[in-house]
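# sequence plus predicted model, see below.
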2 protein chains.
Amino acid sequence: MLIGQLSIKTGLSRDTIRFYEKQGLIPIGIKNNEFNTYKDYSNETLEKLIIIKKMKGFGLTLNEISDVLDLLDSNSASCENVSEKMFEKVKLIDHKIKELRAMKRLITNGIKSCSTQETESSNCPLIFEDIN
Amino acid sequence: MLIGQLSIKTGLSRDTIRFYEKQGLIPIGIKNNEFNTYKDYSNETLEKLIIIKKMKGFGLTLNEISDVLDLLDSNSASCENVSEKMFEKVKLIDHKIKELRAMKRLITNGIKSCSTQETESSNCPLIFEDIN
DNA sequence: ATAAACCGTAGAGTATAGTCAACGGTCAAG
DNA sequence: CTTGACCGTTGACTATACTCTACGGTTTAT
């Protein structure tokens, strides 16, 4: 099928599909018409795009999605292998959450030490004092 | 002082300092030597750079830091105003944490439904089935 | 005198994930 | 037969925060 059909069926824009094509997430469409330069895409490509959409919904980056699609291509997209990849992502998410919580603690501690000062000063210690 | 001194005193690279200068976070150094094109930076600029470093430690973006420095420039860097800015950031952080937790839930639910299947299939439902 | 160290500017490159515009060929409908 | 809808490619642009290179002038030390 042509890229327009792919776009309608997936809800992805043509530009986005072409971008994924260029990134190697989906195979390059085949030009098999002797009268034009239109590319033809297979049902497998459509399925890959649907998978990409789902994985994006999980918050995976395109690189991470690429890894999952590689499993598919090597016929090793078993629950075990896929779960493993997904678990790696969960660990990354946990790490980011920890970072954000540390950041928040740092700031709220700063605010606390700050609000005990008189508010009239235009030299708030939160920005002037050494890192606490 | 010259940029090299600024760099030594802050631990920021010259390139980074020049980048901040171009971004308007610090004022542009003044060329006041008639024999060269070297720029001179004030102590206020040095202090701003130190503040930038501290705010980066809090995880603020350069845009957010710019807002804080603006408070400083308008002589309104009171605890109240600074705390308000910081609290905005905390709200953003909370929002991101929520997003990440939702992402994690989605994935772990997927993994759970997946691991109940036999692991031999190379068509893991986690990537093939409709979004659950 | 010359080499090292420093200063300046402009512009390209990094990663992420597209989006948009320009330009040109093709296909289907009225 | 022409208009609109579709297709292709290339390249620029968005935001974030730098980093690096190239090129050329200056200052300092030996």
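Perfect, thanks for sending it. Numbering: from 1, shown residues only, chains lettered A, B, ... in the order given.

# how far does the top helix by length along chain A sit from the chain's center?
In chain A, with assignment by DSSP state H, the single longest helix is helix A:79-115. For helix A:79-115, the separation from the chain centroid amounts to 17 Å (computed by C-alpha atoms, centre = their mean, to the nearest Å).

# what does stretch A:62-70 give?
Counting by C-alpha atoms, centre = their mean, stretch A:62-70 comes out at 10 Å from the chain centroid.

# interface residues of chain A facing DNA strand D?
Counting by C-beta under 7 Å from any atom of the strand, the residues of chain A close to DNA strand D are A:2-5, A:7, A:14, A:18, A:29, A:37-39. Bear in mind the C-beta positions are built from the backbone N, C-alpha and C, glycine included.

# anything in stretch A:102-113 near chain B?
Yes. Stretch A:102-113 comes into contact with chain B (C-beta under 8 Å from any C-beta of the partner chain), by way of A:103-104, A:106-108, A:110-111.

# now do that stretch: everything it contacts.
Defining contact as C-beta atoms under 8 Å, 6 or more residues apart in numbering or on different chains, one finds that stretch A:102-113 is touched by A:125-126, A:132, B:57-59, B:83, B:86-87, B:89-90, B:93-94, B:97.

# from B:Leu72, how far out is the residue nearest to A:Cys124 when sequence neighbours are not counted?
Excluding its sequence neighbours, the residue lying closest to A:Cys124 (C-beta to C-beta, 6 or more residues apart in numbering or on different chains) is B:Val82, at 4.1 Å. Using C-beta to C-beta, to the nearest Å, B:Val82 is found at 9 Å from B:Leu72.

# shared neighbours of the two, which are they?
Common neighbours of B:Val82 and B:Leu72 (C-beta under 8 Å, 6+ apart) are A:Ile127.

# more neighbours, the two?
Taking other C-beta atoms under 10 Å in any protein chain shown, B:Val82 and B:Leu72 do not tie; B:Val82 has more neighbours (26 against 20).

# so what's the more buried one up against?
B:Val82 touches A:114, A:124, A:126-127, B:68, B:71, counting by C-beta under 8 Å, 6+ apart.

# next, the buried residues of the longest helix of chain A.
By neighbour count with 16 or more other C-beta atoms under 10 Å in any protein chain shown, helix A:79-115 contains the buried residues A:79-83, A:85-86, A:89-90, A:92-93, A:97, A:100, A:103-104, A:107, A:110-111, A:114.

# same question, stretch A:56-64
In stretch A:56-64, counting by 16+ other C-beta under 10 Å, buried: A:58-60, A:64.

# now secondary structure and pLDDT too, for those residues, in a markdown table please.
Listed next are the buried residues of stretch A:56-64 as a markdown table, based on DSSP: H, G, I helix; E, B strand; the rest coil; pLDDT from 0 to 100:
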| residue | secondary structure | pLDDT |
| --- | --- | --- |
| A:Phe58 | coil | 94 |
| A:Gly59 | coil | 95 |
| A:Leu60 | coil | 96 |
| A:Glu64 | helix | 96 |
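
# closest one of these to chain B?
Chain B lies nearest to A:Gly59 out of these, by C-beta to the nearest C-beta, at 4.0 Å.

# what is the burial count for A:Leu12?
Counted with other C-beta under 10 Å, residues neighbouring A:Leu12 total 20.

# correction: the previous question concerned A:Gly11.
10.

# so the closest residue to it other than its chain neighbours is in which element?
Among residues not flanking A:Gly11 along the chain, A:Lys53 sits closest, at 7.3 Å (C-beta to C-beta, 6+ apart). Element membership for A:Lys53 (DSSP states H and E) is helix A:43-57.

# name the residues that touch that helix?
Helix A:43-57 is contacted by residues A:1, A:6, A:9-12, A:17, A:20, A:25-27, A:29, A:64-65, A:68-69, A:72, B:106, B:127-128, B:131 when judged by C-beta under 8 Å, 6+ apart.
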